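1. Provide a 3D model corresponding to the input given below.
(one chain, ligands or ions: 2)
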Amino acid sequence: MEPKKIFLLPGDGIGIEIMNEARKFIAFMNDELKFDFVCEEGLVGGTACNVYGKPISDGDIYRALAADAVLLGSVGGPEWDDLSYDLRPEAGLLRLRKDLQLFANLRPVICYPALSNASSLKSELVEGLDILIVRELTGGIYFGEPKEIIDLGQGNKRAIDTQVYETCEVMRIAKVAFELARTRRGLVTSMEKHNVMKTGLLWKEVVTETHATHYRDVMLSHMLTDAGGMQLVRKPKQFDVIVTDNLFGDLLSDVAGMLTGSLGMLPSASLGSADEVTERQHAIYEPVHGSAPDILGKGIANPIAMIASLAMCFRYSFALNTEANCLEKAISAVLDDGLRTADIYSQGMRKVSTSEMGDAILEKFKKMLS
Ligand code: IPM
Ligand code: MG
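-> Numbering: from 1, shown residues only. Ligands and ions are numbered 1, 2, ... in the order given. From the prediction side, this is the model:
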């Protein structure tokens, strides 16, 4: 069996703390189950800036390209707030996404039964919630040119970001959404703003056509993103797969995160297309939440989004479906037992630290697999 190469990028802030929990699972699988995961480690974000003077080094980009999968913690923090725009920690993450051509960002929004009370919405609205947000990740306003601030003189400046999409970019993300819907409840909701944006107009047209040509068995509906955001908090269970652009996907996934009780619960997978020659598909797995500098170093960060991202890595990069399912069940079982990190704590539950949560999930995982 070929070794499975995982490149670890803990990043900044709590990224480092939660990555330590993910490592425990990889070590267990290597030591006890004789898997052959080979982990290298690099720097991204502010920590990379401290060492290399830029938010990711060319060497680490190369190592990410050479790996079977990248596991990333989080980037950013107040320490690096004053860096120039090109050097900010987030630029490292964006370069990784672009260089690895990870156009499809999958963000599952699952409300674990034990957490339906932790949501800011009434529990009956979120109980059993299982949505998949498919966010376009390498186009749109994040990367469109021109992107600049022009000094017009006399204290006046003009800032420009450019929202741009081409047919092929919309079509490939739509296909991902339709394919995934076929493995779920078969319903895709596409969100854009064709009432004000040309990119929205093209988006809707291409999604409609892709559906009509290849995916008539899937149900497709369209929503304007503002209305979609409202529906997401009004009646979230109406959704199965939501497909949307880079910026809208960023916003909607944070909103959807709160439906699950905490943003600390949301994993993500960013996938590219398979290389035609090597058949290798680049991928990054990372929590949706950020580096949470406010709780840094306290040992209270929720490691579940990171551990659930590892489960996605097992599923999508290594076709280890049993291990992925067991890991997700282990998370659910620990929540059923009443263990809670501070972000999802409620009265009567047992408050645990980051590493206690990681260990408890690992114990369940071990029992399921041995
Ligand atoms: C996310 C984050 C990133 C984004 C930031 C850190 C650049 O918010 O993954 O949702 O905006 O895409
Ligand atoms: Mg975001």
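2. run a quick neighbour tally on Arg107.
-> 24 (other Cβ atoms under 10 Å). In short, each C-beta sits where N, CA and C put it, glycine included.
3. in terms of helices and strands, where is it?
-> Element membership of Arg107, judged by DSSP states H and E, is strand 104-110.
4. pull up the residues of the chain that are close to ligand 1.
-> With Cβ under 6 Å from any ligand atom as the criterion, the chain meets ligand 1 at residues 75, 90, 93-94, 250, 288.
5. how about 8 Å then?
-> Taking Cβ under 8 Å from any ligand atom as the contact definition, the chain meets ligand 1 at 74-76, 89-90, 93-94, 97, 105, 137, 142, 246, 249-250, 253-254, 268, 286, 288, 290.
6. related to what we said a few turns ago, pLDDT on the strand holding Arg107, on average?
-> Averaging pLDDT along strand 104-110 gives 97.
7. likewise for stretch 193-212?
-> Stretch 193-212 comes out at a mean pLDDT of 98.
8. so what does the stretch of helix or strand Ala22 belongs to touch, helix or strand wise?
-> Per DSSP H and E, Ala22 falls inside helix 14-31. Other helices and strands packing on helix 14-31, by 3 or more Cβ pairs under 8 Å, 6 or more residues apart in numbering; DSSP states H and E, are strand 4-11, strand 37-41, strand 69-74, helix 304-318, helix 354-369.
9. for the second one, which residues meet the burial criterion?
-> Under the neighbour-count criterion of 16 or more other Cβ atoms under 10 Å, strand 37-41 has 37, 39 buried.
10. pick out the residue of this protein closest to ligand 1.
-> Glu90 (3.8 Å; Cβ to the nearest ligand atom).
11. can you pull the contacts of that residue?
-> With contact set as Cβ atoms under 8 Å, 6 or more residues apart in numbering, Glu90 has these partners: 45, 55, 75-76.
12. and it, what pLDDT?
-> 96.
13. chain center to the helix or strand it falls within: distance?
-> Element membership for Glu90 (DSSP H and E) is helix 89-99. Chain-centre distance of helix 89-99: 14 Å, with Cα atoms, centre = their mean, to the nearest Å.
14. what's the answer for stretch 340-354, then?
-> Per Cα atoms, centre = their mean, the displacement of stretch 340-354 from the mean C-alpha position of its chain is 23 Å.
15. go on, stretch 204-218?
-> With Cα atoms, centre = their mean, you get 25 Å for stretch 204-218.
16. report the buried residues of it.
-> 204, 206-207, 210-211, 215, 218.
17. in helices, which of those appear?
-> 204, 206-207, 210-211 (DSSP state H).
18. mind listing what the closest residue to Glu41 other than its chain neighbours touches?
-> Using Cβ to Cβ, 6 or more residues apart in numbering and skipping residues adjacent in sequence, the residue nearest Glu41 is Leu8, 4.6 Å away. Shown in contact with Leu8 (Cβ under 8 Å, 6+ apart): 19, 22-23, 39-42, 70-71.
19. how near is Leu8 to Leu266?
-> Per Cβ to Cβ, to the nearest Å, Leu8 is found 20 Å from Leu266.
20. residue nearest the centroid of the chain?
-> Ser268 (2.5 Å; Cα atoms, centre = their mean).
21. excluding chain neighbours, what is closest to that residue?
-> Nearest to Ser268 is Arg107, by Cβ to Cβ, 6+ apart, at 4.7 Å.
22. quick check: bridge partners of that neighbour?
-> Taking DSSP bridges as the rule, Arg107 bridges to Ile133.
23. where does the residue nearest to Ala292 when sequence neighbours are not counted land on pLDDT?
-> The shortest distance from Ala292 to any non-neighbouring residue, by Cβ to Cβ, 6+ apart, is to Ile14 (4.8 Å). We have a pLDDT of 97 for Ile14.
24. got the CA positions of stretch 4-18 in CSV?
-> Presented in CSV, the C-alpha positions along stretch 4-18 are these (Å, rounded to 0.1, in the frame of the first residue of the first chain):
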residue,chain,number,x,y,z
LYS,A,4,-0.9,8.4,2.3
LYS,A,5,0.7,11.8,2.5
ILE,A,6,-1.0,14.4,4.7
PHE,A,7,0.4,17.9,4.9
LEU,A,8,-0.4,19.6,8.2
LEU,A,9,-0.8,23.4,8.4
PRO,A,10,-1.9,24.3,11.9
GLY,A,11,-1.7,28.0,11.1
ASP,A,12,-2.4,30.6,13.8
GLY,A,13,-4.3,30.9,17.1
ILE,A,14,-6.4,28.0,18.1
GLY,A,15,-5.5,26.3,14.8
ILE,A,16,-2.4,25.0,16.6
GLU,A,17,-4.5,23.6,19.6
ILE,A,18,-7.1,21.8,17.5
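25. so the residue nearest to the centre of the chain, which of the three states?
-> strand (DSSP: H, G, I helix; E, B strand; the rest coil).
26. now swap in Ile284 and tell me
-> Here Ile284 is recorded as strand under three-state DSSP.
27. list the contacts of it.
-> 64, 69-72, 96-97, 100, 102, 269-270.
28. can you rerun that using 6 Å?
-> Neighbouring residues of Ile284 by Cβ atoms under 6 Å, 6 or more residues apart in numbering: 70, 72, 102, 270.
29. what helices or strands is the strand holding Arg107 leaning on?
-> Strand 104-110 is packed against strand 130-136, strand 267-271, with contacts defined by 3 or more Cβ pairs under 6 Å, 6 or more residues apart in numbering; DSSP states H and E.
30. so how many other residues sit close to Pro267?
-> Count around Pro267 with other Cβ under 10 Å applied: 26.
31. thought it was touching Leu310?
-> No - with contact defined as Cβ atoms under 6 Å, Pro267 and Leu310 do not form a contacting pair (8.1 Å).
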